[in-house]
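**Q** Attaching a predicted model along with its sequence, questions to come.
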Amino acid sequence: MSRLNVYEPGFLSQRPYRSGRTVIIAGGAGFIGSNMGARLISEGDRVICVDNLETGRQENIAGLLEHPNFAFFLHDIIDPFSIEGPVDRIYNLACPGSPPKYQRDPLHTFKTSVIGGINLLELAEEKGARILQSSTSEVYGDPDVSPQSETYRGLVNTVGPRSCYDEGKRGAETLFHEMHEREGVDTRIARIFNTYGPKMDPEDGRVISNFIVQAFTGQNLTIYGDGHQTRSFCFIDDMLDGLIALMETENSFGKIDDPVNLGNPGEFTIAELADIVLELTGTDVGISYHDLPQDDPRRRCPDISRAGRLLGWAPKIPLREGLGPTIEYFREELKRKQRLNRQVS
Ligand code: NAD
Ligand code: UDP
């Protein structure tokens, strides 16, 4: 870990500091977390990234490690930890987001949401910090209504392969709610819908990264099931805007600690997504069909009217537009990996 700008006591007193705010990003080496770190550093915040590198990557934060306002703390949030000095904001973005990754160690995934959530909430309480939980559209399970609004209670299997993630996130929402009600912790809950963009791990296993990597490496795109299931894809820049707006709003219409959907309502079948990726990458690989995983949601589309009312937020970047920089990122990332492999062999 010698290349890392490792968090250690004294960080808060030694480092230059423009905005006067210290922000903890749990999961700050992952896809959303590392993009959030770059955004907040560029806005003058001081960022402490807490990550166990389970699915996060050092390369995601390589550009930040040299920055005097950024520190990396290698730590698993299921173990309690303390941070010296004041903390103003905590983004909890720690939890594997990809189904094959969160299903690899289901007990750990569940503990990350629940025990990790408790540890971060207690830290927020101790510091008087505002804390945002990255919840998920998966709290709606395999929904029987569409689009899904926050009042929909969901259709979730408690004992299926996705349960460790879905039920962990549902439990975390309860924890955040109760810590607000009972202890007065300033909590926010974002229900994030499928998000994509640069810094995704090419080996992540989610559909957008799989399709683009397959297109560039001459493999058939792998469609699970018949491809008629839908998802609604939000570009990372829009998601960061939504998360920051939710964290920072002082708006008192409605209860701000209640969950808020964040996502792009543009809904596509997975077969349509495959066609778009083939077109935009300019490749003509085929399609291979595989079994649909158990409990795979058939439809997913956010109702974002609450986010509009509370935050004045709506996504601006349609799928085809957001796929442009995403495809370029994967092109460069695959070249970088090839160069590394050549150096090793
Ligand atoms: P990701 O897997 O790329 O990032 C998760 C990060 O959390 C990684 O850096 C990982 O190493 C870290 N982490 C995992 N368990 C940890 C633990 N116990 N202690 C410390 N660090 C830990 O996923 P992402 O797409 O960036 O998702 C970020 C958050 O947003 C997650 O909580 C995820 O559930 C949520 N979310 C994401 C999406 C999406 O489409 N990207 C959708 C809904 C919800
Ligand atoms: N999917 C697919 N091929 C892949 C990866 C995923 O057809 O290579 C499907 C998956 O079954 C699901 C959708 O694409 O219906 C979105 O999957 P992803 O893992 O990206 O996220 P999810 O929304 O299921 O958590």
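**A** Structure received. Ligands and ions are numbered 1, 2, ... in the order given.

**Q** need the residues of the stretch 1-150 of the chain near ligand 2, please.
**A** 98-99 (CB under 6 Å from any ligand atom). For the C-beta atoms, the positions are set from N, CA and C on the backbone; glycine is no exception.

**Q** residue ranges with poor pLDDT in the stretch 1-150 of the chain?
**A** Counting by pLDDT under 70, the stretch 1-150 of the chain shows low-confidence ranges at 1-19.

**Q** Mind jotting down where the helices sit in it?
**A** 11-14, 31-42, 62-65, 99-102, 106-127 (DSSP state H, counting those that start in this stretch).

**Q** Of these, which stretch is the most buried?
**A** helix 31-42 (a mean of 22; mean count of other CB atoms under 10 Å).

**Q** Please save the CA atoms from that one in PDB.
**A** Extracted in PDB, the C-alpha atoms of helix 31-42 (Å, rounded to 0.1, in the frame of the first residue of the first chain):
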ATOM      1  CA  PHE A  31     -17.400   3.100  -9.400                       C
ATOM      2  CA  ILE A  32     -19.700   5.800  -7.900                       C
ATOM      3  CA  GLY A  33     -17.500   6.500  -4.900                       C
ATOM      4  CA  SER A  34     -14.300   7.300  -6.900                       C
ATOM      5  CA  ASN A  35     -16.300   9.600  -9.300                       C
ATOM      6  CA  MET A  36     -17.800  11.300  -6.200                       C
ATOM      7  CA  GLY A  37     -14.300  11.700  -4.700                       C
ATOM      8  CA  ALA A  38     -13.000  13.400  -7.800                       C
ATOM      9  CA  ARG A  39     -16.100  15.700  -7.900                       C
ATOM     10  CA  LEU A  40     -15.800  16.800  -4.300                       C
ATOM     11  CA  ILE A  41     -12.100  17.300  -4.400                       C
ATOM     12  CA  SER A  42     -12.600  19.500  -7.400                       C
END
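
**Q** For the residue in the stretch 51-200 of the chain that ligand 1 sits nearest to, list the residues it contacts.
**A** When scored by CB to the nearest ligand atom, the stretch 51-200 of the chain has G56 as its residue closest to ligand 1, at 2.2 Å. Counting by CB atoms under 8 Å, 6 or more residues apart in numbering, G56 makes contact with 27-30, 33-34.

**Q** Report the entries of these that also contact ligand 1.
**A** Answer for the contacts of G56 near ligand 1 (CB under 6 Å from any ligand atom): 27, 29-30, 33.

**Q** Okay, now the unreliable bits of the stretch 201-345 of the chain?
**A** Using pLDDT under 70, the stretch 201-345 of the chain drops low at 251-254.
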